[in-house]
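> got a predicted structure here, sequence first:
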2 protein chains.
Amino acid sequence: MPDAQEFRDDYACLADFVEKALAEAFAVPGPHPAPLVAEAARYSLLAGGKRIRPVLALATARLLGCPPEAALPYASALEMIHTYSLIHDDLPCMDDDDFRRGRPTCHKVYGEAVAVLAGDALLNLAYETMARACLETADGARSVPGGIAGALRAQAEIARAAGHLGMVGGQTVDVAGEGRALDAASLEAMHRMKTGALLRAPAVAAAHLAGAPDAARDAVSRFASALGLAFQIKDDLLDVTAEAAEIGKTPGKDAKAGKTTFVTLFGADGASVRLAEESRRASEALDDLEREGFDPEFLRGLVRYQLERRK
Amino acid sequence: MPDAQEFRDDYACLADFVEKALAEAFAVPGPHPAPLVAEAARYSLLAGGKRIRPVLALATARLLGCPPEAALPYASALEMIHTYSLIHDDLPCMDDDDFRRGRPTCHKVYGEAVAVLAGDALLNLAYETMARACLETADGARSVPGGIAGALRAQAEIARAAGHLGMVGGQTVDVAGEGRALDAASLEAMHRMKTGALLRAPAVAAAHLAGAPDAARDAVSRFASALGLAFQIKDDLLDVTAEAAEIGKTPGKDAKAGKTTFVTLFGADGASVRLAEESRRASEALDDLEREGFDPEFLRGLVRYQLERRK
């Protein structure tokens, strides 16, 4: 068993690595020609999230043999994409949330128009960041084991996970189905798109960057899929058990909105059982990865952290 | 002088080439897992715009020695980015437009939430399309004269033009400054970002795809910058002179909203003089291109078309 403190230190170190890169986002030489959108985007980007997606990307890259430095632009892009989706999801016409990560949401501070544009700016910057990283690889300045084809596969994987077949598709199904009761299969399918796709993408993209063998890429993909679903079930559980101060947003909101969640479907106990099942699936995928000759200790820590987190 | 009918036929042929590619967007084998967002995005994407950005990309690529087929994914991506920006700009929290291209706007038909998501889906798909095209180039399946580095520079150029330093930045300056009077320099700077950047990008991206010499890339960049500003001045003129049926949206809207335009600043006559100036600049850039040994007849036709268009 890995040491819990060691895991936390390692997590903090990877998260800090991303944090420093994100702090540079929207920086330009001289005065910014559109300072308001840059400020609004940075307000949400630098609000101190868990950075789970970029940490997962960097840790998976490292374990499969790609230096975290080389994977950093893709990790940063993943967090920009995640943040844009939060800004847009919080809009009055969507989930209408006033608080996020313990602070007023972007549109509460900057107004709706600038919030829409700040989200758009983050999404464009995410792709510009990846395009420039790929260009560096093509020019020989950013070597990755998977080569330029691996770098481009990583980018395409992330784009697919973010778009109409992934996160955006899932959010549409969620918004369009509001108030309608979902069965377990539909709920799971929606979450696999809405949150699962962008949690699986960091692992699969990292495997492409690392030029990992198919079996290893398949194992990290199964791991991250199970972790992603576990993540959502845990969020649903926290929504009914946690305090606002802990989760940084309004608790009990989903239940009040009449949304189907893993807790409304299975009850808190049933949802906990599903959480344990998905965690076991994630661990089994890591066993397979270990049999392929890789050391997934940090990813095992992520499964444990996920089970125990209180926000 | 090129023949006007010949130009129109050539334009129609290039636009049709893009139209067919766009018609395939969001197609998936089997049923779509989030059909509503795909439908809403296609509703706006296939509403029959002028396709000026993709036509400019294909024509510039062809003239600089890159086959239009090879440039097609970038051309399609440009139109997806343009369409996403229209959907978001039309939202109630932004310009609050009910009609676009002669039809109800996306949010009037599908609601605001789905319209935000349809825009997001288009933006993600634009980048996924370019990432896959670059991957094909890296794998040897889509040869472009500029090679993989040229393909990636094209993608990065488009991303930069779409983002906080280009279109999104300009739209923010426009939205944030609403009701405030702008001077001529600020108005021009705003439009160079808001509409100019995404009209210059097709030409510059095409030059990268073609691996064109620096002097030729610089000439098409100057040409497209001038054309982009001329395009905006013409739009401002049409806003006060055209009929709703002709331009497909509500005329006189800018004036009513108290927006500064080239017409409110310079009057219709003064704006026409500025339009002629920018058209001359565009033509001079094409003279330079001709001296570099390229034949810019189609681009000359674009300048003329731009001066004469009535919608």
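Right, received. Where do you want to start? Numbers count the residues shown, from 1 in each chain, chains lettered A, B, ... in the order given.
> name the helices or strands packed onto the helix or strand encompassing residue A:268?
Take DSSP states H and E as the rule and residue A:268 turns out to sit in helix A:262-291. Here helix A:262-291 touches helix A:184-191, helix A:214-241, helix A:253-256, helix A:297-308, going by 3 or more CB pairs under 8 Å, 6 or more residues apart in numbering or on different chains; DSSP states H and E. (Glycine included, C-beta is placed from N, CA and C.)
> now with 6 Å?
helix A:214-241, helix A:297-308 (3 or more CB pairs under 6 Å, 6 or more residues apart in numbering or on different chains; DSSP states H and E).
> so can I have JSON lines of the ones you listed showing mean pLDDT, mean neighbour count and distance to residue B:131?
Shown next, in JSON lines, are these (pLDDT from 0 to 100; neighbours: other CB atoms under 10 Å in any protein chain shown; distance: least, CB to CB, whole Å):
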{"stretch": "helix A:214-241", "mean pLDDT": "95", "mean neighbour count": "22", "distance to residue B:131": "18"}
{"stretch": "helix A:297-308", "mean pLDDT": "93", "mean neighbour count": "18", "distance to residue B:131": "26"}
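> put together CSV for those, with distance to residue A:291 on each row.
Putting these into CSV (distance: least, CB to CB, whole Å) gives the following:
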stretch, distance to residue A:291
helix A:214-241, 9
helix A:297-308, 14
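> between these, which one is closest to residue A:18.
Residue A:18 lies closest to helix A:297-308 among the helices and strands packed on helix A:262-291, at 14.8 Å (CB to CB).
> what packs against the closest one?
Partner elements for helix A:297-308 (3+ CB pairs under 6 Å, 6+ apart): helix A:262-291.
> tell me what angle the helix it packs on forms with helix A:214-241.
Interaxial angle of helix A:262-291 relative to helix A:214-241 (axes from the mean of the first three to the mean of the last three CA atoms, to 10 degrees): 150 degrees.
> helix A:262-291 - what's its average pLDDT?
Across helix A:262-291, the average pLDDT comes to 96.
> repeat for stretch A:116-135
Here stretch A:116-135 scores 98 as its mean pLDDT.
> so which of the helices and strands packed on helix A:262-291 gets nearest residue B:59?
helix A:214-241 (40.8 Å).
> report the distance from that closest one to the chain centre.
Taking CA atoms, centre = their mean, to the nearest Å, the mean C-alpha location of helix A:214-241 is offset from the chain mean by 11 Å.
> next, the angle helix A:297-308 makes with that helix.
Angle of helix A:214-241 versus helix A:297-308, following the same axes, to 10 degrees, is 20 degrees.
> what's helix A:214-241 packed up against?
Contacting helix A:214-241 under the criterion 3+ CB pairs under 6 Å, 6+ apart are the following elements: helix A:197-210, helix A:262-291.
> please save the CA atoms from the shortest one in CSV.
Included here for helix A:197-210 are C-alpha records, laid out as CSV according to Å, rounded to 0.1, in the frame of the first residue of the first chain:
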residue,chain,number,x,y,z
ALA,A,197,-15.7,11.6,-21.3
LEU,A,198,-13.6,14.5,-20.0
LEU,A,199,-12.3,12.3,-17.2
ARG,A,200,-11.4,9.5,-19.5
ALA,A,201,-9.7,11.8,-22.0
PRO,A,202,-6.8,12.8,-19.8
ALA,A,203,-5.8,9.1,-19.4
VAL,A,204,-6.2,8.2,-23.0
ALA,A,205,-4.5,11.3,-24.3
ALA,A,206,-1.6,10.7,-22.0
ALA,A,207,-1.3,7.1,-23.4
HIS,A,208,-1.2,8.6,-26.9
LEU,A,209,1.5,11.1,-25.9
ALA,A,210,3.5,8.2,-24.3
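> check which helix or strand residue A:25 maps to.
Residue A:25 belongs to no helix or strand when assigned by DSSP H and E.
> what segments of the stretch 51-200 of chain A are strands?
Using DSSP state E, counting those that start in this stretch, the strands of the stretch 51-200 of chain A run over A:99-100, A:103-104.
> before we move on, the earlier item: give the buried residues for the helix holding residue A:268.
A:262-266, A:271-272, A:274-275, A:278-279, A:281-283, A:285-286, A:288-289 (16 or more other CB atoms under 10 Å in any protein chain shown).
> give the contact list for the residue sitting nearest the centre point of chain A.
Geometric centre of chain A, nearest residue: residue A:53, 3.7 Å, by CA atoms, centre = their mean. Applying CB atoms under 6 Å, 6 or more residues apart in numbering or on different chains to residue A:53 gives the contacts A:78-79, A:82, A:202.
> OK, contacts around residue A:32?
Neighbour list for residue A:32: residue A:38 [criterion: CB under 6 Å, 6+ apart].
> start and end of stretch A:159-166, how far apart?
One end of stretch A:159-166 to the other measures 9 Å (CA to CA, to the nearest Å).
> could you find the closest non-adjacent residue to residue A:47?
residue A:101 (4.3 Å; CB to CB, 6 or more residues apart in numbering or on different chains).
> okay, the nearest residue to residue A:65 once chain neighbours are set aside: pLDDT?
Among residues not flanking residue A:65 along the chain, residue A:210 sits closest, at 5.1 Å (CB to CB, 6+ apart). What the model reports for residue A:210 is a pLDDT of 98.
> and if you look at residue A:257?
pLDDT recorded at residue A:257 is 70.
> can you report how many residues lie near it?
Neighbourhood size, residue A:257 [other CB atoms under 10 Å in any protein chain shown]: 12.
> next one: it from residue B:259, what distance?
38 Å (CB to CB, to the nearest Å).
> worst average pLDDT in the strands of the stretch 51-200 of chain A?
Lowest mean pLDDT of the strands of the stretch 51-200 of chain A: strand A:99-100, a mean of 91.
> paired strands for that one, with orientation please.
According to DSSP bridges, strand A:99-100 has the following sheet partners: strand A:103-104 (antiparallel).
> touching the partner strand from outside, list them.
With CB under 6 Å, 6+ apart as the criterion, strand A:103-104 contacts residue A:47.
> what's the closest residue to residue A:37 other than its chain neighbours in contact with, if anything?
What sits nearest to residue A:37 in space, not counting adjacent residues and going by CB to CB, 6+ apart, is residue B:172, at 3.9 Å. Contacts for residue B:172 (CB under 6 Å, 6+ apart) come out as A:34, A:36-37, A:117.
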